[in-house]
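A.B. asks: Got a predicted structure here, sequence first:
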Amino acid sequence: IREMTVSMSSQAVEIPNATETAADLAVPESVLETLSSRFRAAGLCVALLNDDGTVAWHDPSPGPFFQRYVLPLLQHPDVAGQVAARGPSFREPGAGPAAWHMLPGVVVAGFPHLEKKQQVGVVVVAARHSGFSLGEDVMRACGRLGLDAQWLARQADELPAYGDEAAICQARLLAGALRD
């Protein structure tokens, strides 16, 4: 389990949408949509990251917690830079899923997506962390995103909480489903 922290600048940043088109994705979009709908029911959000940490694709119908909080944070340039610079290297054969704490109150578990023995991206599932609370980091992120913290807490309360091992287990399930 790797710990990664994000220090966002004090200025609000406009968050871009995922930049890839369906033709550029390492995994067919229809496959990602089908899998994301299955994992959405478990309180998870599926995304595909490029090797540089940018979001190539994400669940097109995430719940409000993910739509307004997790995805904008995941798409933040500081997070992408940390994923690329300090994130785990999956390039070794047999590398399995790992969990990270890149976002306050959220656990992100992911695994490499390989084509012809080359890593072409990282598939991740994001979940509300079991330790989610309206602490300093979450409050700071809410301020940056213009979110009401109490609203976010209500949205988080509606989701199941995942610890690191549970998130890794879900990432393993996703990896198996993707192989099928």
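C.D. replies: The structure has been received and is ready for your questions.
A.B. asks: Check which helices and strands the helix or strand hosting Leu48 sits against.
C.D. replies: Following DSSP states H and E, one finds Leu48 within strand 44-49. Judged by 3 or more CB pairs under 8 Å, 6 or more residues apart in numbering; DSSP states H and E, strand 44-49 is in contact with helix 29-40, strand 55-58, helix 71-74, strand 118-128. Where C-beta positions appear, they are placed from N, C-alpha and C, glycine not excepted.
A.B. asks: partners of the closest residue to Leu44 other than its chain neighbours in the sheet?
C.D. replies: Counting by CB to CB, 6 or more residues apart in numbering, Leu44 lies nearest to Val125, which is 4.7 Å off, once chain neighbours are set aside. The partner list for Val125 in beta bridges (DSSP bridges) reads Val46, Ala109.
A.B. asks: Does Val125 touch Val106 like I think?
C.D. replies: No: under the criterion of CB atoms under 8 Å, Val125 makes no contact with Val106, lying 10.6 Å away.
A.B. asks: These two: who's more crowded?
C.D. replies: Using other CB atoms under 10 Å, the more surrounded residue of Val125 and Val106 is Val125, with 29 against 25.
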